[in-house]
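Q: here's a sequence, model it:
(one chain, ligands or ions: 1)
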Amino acid sequence: MQKLPPISNIIDFDTSRLPQLEVTRQRNQVQPVKNNIADLHRQLVLQLQTSLEADRLLSMFFDTVRGSIPVRGLNYQHASTDLHLELGENAIHSMHYRLNHQGENLGELILRSDCHFDESQLTQLEALLPCLLFPLRNALLYRSVILDALRDPLTGAANRVAMDQTLSREIEMARRRGGLPFSLLMLDLDHFKSINDRHGHQGGDEVLKAVVACLKLQLRNMDMLFRFGGEEFLVLLSNTPLEAAGIVGNRLCEAVETLPFVYKGEAVPVSISIGCATYRFPESLDDLLRRADDALYQAKRNGRNQLRMAI
Ligand SMILES: Nc1nc2c(ncn2[C@@H]2O[C@H](COP(=O)(O)OP(=O)(O)OP(=O)(O)O)[C@@H](O)[C@H]2O)c(=O)[nH]1
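A: Numbers count the residues shown, from 1 in each chain. Down below sits the predicted model:
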């Protein structure tokens, strides 16, 4: 894998090259570029006011910039809101920028090109980049508010609101496509009341966090984990038929059972029970959840720490 050079360019409002551009171009007498960039700048400022979606803003920025600078691809990352974006194509040359606004990290941006950016292109680029900062800052704030509304603050898993929205969408898609298989794993910690009784609520909370971290390690990026009750979780496995979902479910049981969890020096044995159900076109969401719940009930009745498949 190609090693990325360290990020050396920081784009802040104060570092805008637009005022400098004025001076530089007057000295060099290259008036059309200045006008072109000033126009692009105005156009971008207006455009970037039209959305609060960070990916949409970056895509508008990319489209506008590559109208005048030979940028082939754009890569953007903002770790704290978990935003990763790739636009266009890969290319061998790149410029790396760390975007800042009043000390606040607004992410890292890489612009790619087939050939080295020359000084004039960099001047143009860096005159346009500050247009992105304020809209991007608002979009990231908006994104983090939305993420918080959909996330369980204790474990970081998606919450009940997110679960209802996601499952409704998944059913809708499965129905439209005529029933692509997706599966649900309904999960519940075993004897969690005794864990709370023995180790206190704080100990119980630590167990919940450790279990979520353990489950996430076992799941693929596209699988979604929701906490929908106190010690109840649901995993959505898109494009996954019953047999494959059973394999994942067994793997989760095993991973949690072998979790070496220690609280205040004492080993705490933890296990989960799972009910697994695969969507059957055209059943309703309630029916699917009821089947997963019945299977979970069977797993509990059968001795816990196991997976049961829904009928
Ligand atoms: N620490 C902690 N405990 C919670 C939280 N939410 C729910 N609980 C506890 O979870 C426990 C659930 O207990 P029960 O429903 O009896 O289930 P259980 O003891 O796990 O028994 P089985 O599910 O039958 O194996 C209760 O003691 C709740 O107080 C939470 O956020 N943190």
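
Q: CA atoms only: put the helix or strand hosting R169 into CSV for me.
A: Assessed by DSSP states H and E, R169 sits inside helix 160-176. As requested, C-alpha coordinates have been extracted for helix 160-176 and formatted as CSV (Å, rounded to 0.1, in the frame of the first residue of the first chain):
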residue,chain,number,x,y,z
ARG,A,160,-34.0,2.1,18.9
VAL,A,161,-34.9,5.1,16.7
ALA,A,162,-32.1,4.1,14.2
MET,A,163,-33.3,0.5,14.4
ASP,A,164,-36.9,1.3,13.5
GLN,A,165,-35.8,3.5,10.6
THR,A,166,-33.2,1.0,9.3
LEU,A,167,-35.5,-2.0,9.5
SER,A,168,-38.4,-0.3,7.8
ARG,A,169,-36.0,0.7,5.0
GLU,A,170,-34.6,-2.8,4.7
ILE,A,171,-38.1,-4.4,4.5
GLU,A,172,-39.1,-1.8,1.9
MET,A,173,-36.1,-2.6,-0.2
ALA,A,174,-36.5,-6.4,0.2
ARG,A,175,-40.2,-6.1,-0.9
ARG,A,176,-39.4,-3.9,-3.9
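
Q: would that helix count as contacting the ligand?
A: No - under the criterion of CB under 6 Å from any ligand atom, helix 160-176 makes no contact with the ligand; the nearest approach is 12.7 Å. For every residue, glycine as well, the C-beta is placed using N, CA and C.

Q: SS state for P181?
A: Per DSSP: H, G, I helix; E, B strand; the rest coil, the local secondary structure of P181 is coil.

Q: surely Q218 and L252 touch.
A: Yes - Q218 sits in contact with L252 when judged by CB atoms under 8 Å, with a separation of 5.6 Å.

Q: quick one on the thing from earlier: now do the helix holding R169: which elements does it pack against?
A: For helix 160-176, the helices and strands in contact under the criterion 3 or more CB pairs under 8 Å, 6 or more residues apart in numbering; DSSP states H and E are strand 224-227, strand 232-237, helix 285-301.

Q: mind putting the ones you listed in TSV, mean neighbour count, mean pLDDT and distance to V211 included?
A: Formatted as TSV, the entries for the helices and strands packed on helix 160-176 read as follows, by neighbours: other CB atoms under 10 Å; pLDDT from 0 to 100; distance: least, CB to CB, whole Å:
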stretch	mean neighbour count	mean pLDDT	distance to V211
strand 224-227	22	98	10
strand 232-237	22	98	8
helix 285-301	18	97	15
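
Q: who wins for proximity to V270 among these?
A: Comparison of those against V270 by CB to CB identifies strand 232-237 as nearest, at 13.0 Å.

Q: ok and the closest one relative to helix 160-176, angle-wise?
A: Compare the direction of strand 232-237 with that of helix 160-176 by axes from the mean of the first three to the mean of the last three CA atoms, to 10 degrees and you get 30 degrees.

Q: ok so T123 is a helix residue?
A: Yes - assessed by three-state DSSP, T123 belongs to a helix.

Q: picking that back up, quick one, which of the helices and strands packed on helix 160-176 gets closest to F261.
A: Distances from F261 to each of the helices and strands packed on helix 160-176 were compared using CB to CB; the shortest belongs to strand 232-237, at 16.3 Å.

Q: next secondary structure after that closest one?
A: The element immediately downstream of strand 232-237 (helix or strand, assigned by DSSP H and E) is helix 242-257.

Q: quick one: distance of that next one to the chain centre.
A: The chain centroid and the centroid of helix 242-257 are separated by 24 Å under CA atoms, centre = their mean, to the nearest Å.

Q: the helix holding R169 to helix 285-301, inter-axis angle?
A: Helix 160-176 and helix 285-301 are oriented at 120 degrees to each other (the same axes, to 10 degrees).

Q: so for helix 160-176, mean pLDDT?
A: The average of the pLDDT scores along helix 160-176 is 93.
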